[in-house]
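Novice: here is my input, please return the structure:
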Amino acid sequence: MSAVAESQVQPGPPGRYHGMLQILRFNRPMFVKTGAAALAVILAVAVLPLPRPLAVLALAGAAAGLLWSASSLLASHWIYDLSPLSQWEWLGRLLPAPPRRWASLHAGLDETSGALARIFPQAGGTVLDFYDAAEMTEPSIVRARRLSLDRAATPVDFRALPLAGGSQDGIFLIFAAHELRQPEGRRQFFLEIAHALAPGGRAVLVEHVRDGWNFLAFGPGFLHFLPRREWLRLAAAADLAVREDFRITPFVMVLVLEKRP
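Specialist: You can find the predicted model right below:
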């Protein structure tokens, strides 16, 4: 599984290698296991009298593992360190007017609420942590929370967000909603978001998606991401209209969803 796909990696403040180092930090066991497995394969091929087809297949597998480890780091460096993504100023143009209130929802890692407070200085902001151990079953999210848990956020149940109906002009879901692994859980979450949005309010969803670009970068780990059609299904189920749909680098999708008046 790829580095990014295995953990809930959050882009951080602009820095030359911040994103890449964060991936190494959250996914060190995966990189160590991949390197050890590749070394074991190379030694086995060199020492054991394996049939040539088997040796070629084993070396190809080891090479693929090393290649995807390297490509995941390079792609993440591009996405989180070199692209405009982590500068966050682009978030300000996605709402039709400065919000009165906004909410940022995450699963334990928050590196955007400070930027949102700077972008919308006159608005009231709420930061909520919707982590649920029963719904979020990836071992890496537990490790990531242990290393970088945002303790300033308010823990909440994603099925019953403590946001009054129609109270939020903007809700931000930055690389977090995919951690809900069950379709019904995601549907309930999106219904809660739609309930909290004011008429004409917008939810900004930022995610990797399960597509060819992310497969090239992250290998089989791209299966941890959800297909674009799943996010569109959830938007439709919550009666949220897609107002913008664009990419930041080929790997990251941004959907701007609006509550119908």
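
Novice: can you pull out the strands in the protein?
Specialist: Taking DSSP state E as the criterion, the chain carries its strands at 101-106, 124-129, 154-155, 168-174, 197-208, 240-248, 252-259.

Novice: counting by contacts, list what the longest one packs against.
Specialist: Applying 3 or more Cβ pairs under 8 Å, 6 or more residues apart in numbering; DSSP states H and E, we find strand 197-208 packed against strand 168-174, strand 240-248, strand 252-259. C-beta coordinates here come from the backbone N, C-alpha and C atoms, glycine included.

Novice: roughly how far apart are the most centrally placed residue in the chain and residue 51?
Specialist: Centroid-nearest residue in the chain, with Cα atoms, centre = their mean: residue 175, separated by 2.6 Å. In this view, residue 175 and residue 51 are 44 Å apart by Cβ to Cβ, to the nearest Å.

Novice: kindly report the same for residue 189.
Specialist: Distance of residue 189 to residue 51, computed by Cβ to Cβ: 51 Å.

Novice: quick one, helices of the stretch 1-150 of the chain?
Specialist: 3-6, 18-26, 28-47, 52-76, 113-119, 139-148 (DSSP state H, counting those that start in this stretch).

Novice: give the buried residues for the longest one.
Specialist: For helix 52-76, the neighbour count (16 or more other Cβ atoms under 10 Å) marks 55, 58, 59, 62, 65, 68, 69, 71, 72, 73, 75, 76 as buried.

Novice: ok, now which ones touch the residue lying closest to the first one once chain neighbours are set aside?
Specialist: Of all residues not flanking residue 55 in the chain, residue 45 sits nearest, at 4.7 Å (Cβ to Cβ, 6 or more residues apart in numbering). Contacts for residue 45 were tallied using Cβ atoms under 8 Å, 6 or more residues apart in numbering; they are 55, 58, 59.

Novice: where in the stretch 1-150 of the chain is pLDDT low?
Specialist: 1-15, 17-29, 143-144, 147-150 (pLDDT under 70).

Novice: go with 90
Specialist: Low-confidence segments of the stretch 1-150 of the chain (pLDDT under 90): 1-78, 80-82, 86-87, 107-114, 133-150.

Novice: thanks again, I'm all set now.
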